[in-house]
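# Sharing a model prediction with you, sequence too.
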Amino acid sequence: MLVVITGASQGIGYAVAEAFAAAGHSLCICSKTASRLKEATESLQKTYPTVTIHSMQADLSKQSDCDAFGNWCLSLGTPSILINNAGFFLPGNLMEEAQGVLETQIAANLYSAYYTSRAIVPAMIKAGNGHIFNICSIASLHAYPQGGSYSISKYALDGFSKNLREELKDKGIKVTGVYPGATYTNSWAGSGVAPARIMEAQDIAKMIYAATQLSPQAVVEDIVMRPQLGDL
């Protein structure tokens with residue numbers, strides 16, 4: 001089975017890559033940072049030597065890179081699973097954040113999933129099966145301080161997920177929205193928040209993998225996860 005994971009060089013994306021590699025699946029991964037991608041690819045290949053790891057540098061905030069990455073994945077086979085994880089968080093208040101932050105966040109957090117899906121999903125439709133995961137956020141579900149344009153972009157990604165599920169449910173393709181709360185990744189390093197207070201990236205990866213193990217007639221539409229002590 002071929003699994004496509006965007007933004008897979010660190011954090012949740014890398015943890016998801018590990019989960020599927022551990023299960024013996026071939027991977028197509030990407031990251032916009034070439035050095036991190038190289039390190040992640042080498043680490044995965046060393047840990048899982050019998051698994052094929054394909055990697056490509058791509059900045060999925062650009063439609064041209066989404067198209068190129070999608071077509072490259074299709075040249076390797078029809079993916080069974082697509083995990084739209086690429087994106088990043090810029091904190092701020094809407095009335096105070098710098099000009100252009102909204103456009104930057106929409107491109108990275110919404111357009112990346114939209115255009116990558118448009119490149120890959122037609123092949124899934126032709127095959128008559130597949131599973132798409134969009135890594136949204138608790139910020140997709142309610143507003144919070146310093147959420148700013150990030151929250152807007154994640155609300156939009158939630159809407160994309162729901163519309164995609166409606167369009168694809170009769171074509172044998174599952175769509176799952178993933179809504180994690182605070183998860184320990186590099187963005188939390190140096191924050192002063194104890195790692196034990198928030199979730200591990202592997203927690204998210206385990207739930208995503210578990211959702212792929214159901215019968216064809218069952219789908220987990222939403223995965224909502226929060227730290228045991230609640231949101232920060």
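Cool, got the structure.

# Sort out which residues of the helix ranked longest in the chain are buried, please.
Using DSSP state H, we find that the single longest helix of the chain is helix 148-168. When burial is assessed from 16 or more other CB atoms under 10 Å, helix 148-168 yields the following buried residues: 148-158, 160-161, 164-165, 168. No exception for glycine: its C-beta is placed from N, CA and C like everyone else's.

# Between all of those residues, which two are separated the most?
By the measure CB to CB, the buried residues of helix 148-168 have their two most distant members at 148 and 168, which lie 30.9 Å apart.

# quick one on the thing from earlier: return the member of the buried residues of helix 148-168 nearest to residue 107.
residue 153 (8.6 Å).

# for the closest one, what are its contacts?
Applying CB atoms under 8 Å, 6 or more residues apart in numbering to residue 153 gives the contacts 87, 102, 105, 106, 108, 109, 110.

# Which is the succeeding secondary structure element to the longest strand anywhere in the chain?
With DSSP state E setting the assignment, residue counts place strand 173-180 as the longest strand in the chain. For strand 173-180, the succeeding helix or strand toward the C-terminus, using DSSP states H and E, is strand 183-184.

# Quick check: mean pLDDT of that next one?
For strand 183-184, mean pLDDT rounds to 90.

# so how far is that strand off the chain centroid?
Mean-position distance between strand 183-184 and its chain equals 14 Å (CA atoms, centre = their mean, to the nearest Å).

# Partner strands of it and their direction?
strand 199-200 (parallel) (DSSP bridges).

# Now the element after the partner strand, going C-ward?
Remark: after strand 199-200, the chain's next helix or strand is helix 201-211, criterion DSSP H and E.

# Good, we can wrap up now.
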